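Asks: Sharing a model prediction with you, sequence too.
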Amino acid sequence: MNAQSQYSDLELIQKILNKETAFFELIIRRNNPFLYRIGMMYHFSHEDTQDLMQDSYIQAYTHLSQFENRSSLKTWLSKIMVNHCYKKNQKWSSKNLESLENNAEVYNRYDGAETSKKVMNAELNSVLEKALLHIPEDYRTVFTLREINGLNVFETAEILDISENNVKVRLNRAKNFLRTEIEKVYNREEVFEFNLIYCDAMVNLVMKEIH
């Protein structure tokens, strides 16, 4: 299955509900980067983020018939992932949360401008990691959903169950925290990339569970 853009989300959902479960792979591949960034935003390790992603996908699969298309599938999945992260965060003490710096091995590196779309800018990685670690969670969450995952104000408000105005306020405050460190080098698409090798592993894990 190699034509990820061939079907819309709604078409995929209909096929899956009609027992063509193999199509759930496309939903996983489309949304892996977004859910991965959410887990990292909460300071979970690479391994714990993968576990949370798997739990989120399985929950989504088992409740797929309840998707009402009032928001995008990405928004719906993101909300499930945020809820899983929040619950795990509540259970864990701060000493069990791992710094983003311990997960640097899952980030790609940058060699020059001509390859900026293929690998992560090492300088950007370092600056943004450190800056995000010092931002209060409420602001970091909004920044990740809006600026890194590319969700709009309405979608972000729906995921976090806050007002659209609150989203705008928190985003502005987050940018104030980050501006001096990342204003000139920030590239949304290269932050917290979910490497293809991990994407394949996540597909295999989830598809094994739902078959």
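Replies: Now that the structure is in, tell me what you want to look at.

Asks: Now for Val82, how many residues are close by?
Replies: For Val82, the tally of surrounding residues (other C-beta atoms under 10 Å) stands at 23. All C-beta atoms are positioned from the backbone trio N, CA, C, and that covers glycine.

Asks: again with Phe67
Replies: Residues near Phe67, counting by other C-beta under 10 Å, number 16.

Asks: Could you tell me which residues make contact with it?
Replies: Contact analysis of Phe67 by C-beta atoms under 8 Å, 6 or more residues apart in numbering lists Ile13, Ala60, Leu73, Trp76.

Asks: Okay, and which of the residues you listed map to helices?
Replies: Of those, the ones assigned to helices by DSSP state H are Ile13, Ala60, Leu73, Trp76.

Asks: looking at it, the first one is touching Tyr61, isn't it?
Replies: No - under the criterion of C-beta atoms under 8 Å, Ile13 makes no contact with Tyr61, lying 10.4 Å away.

Asks: if we can go back for a sec, CSV please, covering the contacts of Phe67 and showing pLDDT.
Replies: Conversion of those to CSV gives the following (pLDDT from 0 to 100):
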residue, pLDDT
Ile13, 95
Ala60, 96
Leu73, 94
Trp76, 95
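
Asks: What's the ChimeraX syntax to select whichever of those are buried?
Replies: Of the contacts of Phe67, the buried ones can be selected in ChimeraX as follows, counting by 16 or more other C-beta atoms under 10 Å:
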select :13,60,73,76
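
Asks: can I get the contacts of Phe67 in a markdown table with distance to Lys88?
Replies: What follows is the contacts of Phe67, written out as a markdown table (distance: C-beta to C-beta, whole Å):
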| residue | distance to Lys88 |
| --- | --- |
| Ile13 | 27 |
| Ala60 | 17 |
| Leu73 | 23 |
| Trp76 | 19 |
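
Asks: In terms of distance to Glu158, which of the contacts of Phe67 ranks first?
Replies: Glu158 lies nearest to Trp76 out of the contacts of Phe67, by C-beta to C-beta, at 9.0 Å.

Asks: elements contacting the helix or strand where Ile159 lies?
Replies: For Ile159, the host element (DSSP states H and E) is helix 153-160. Applying 3 or more C-beta pairs under 8 Å, 6 or more residues apart in numbering; DSSP states H and E, one finds that helix 153-160 makes contact with helix 73-91, helix 137-143, helix 164-182.
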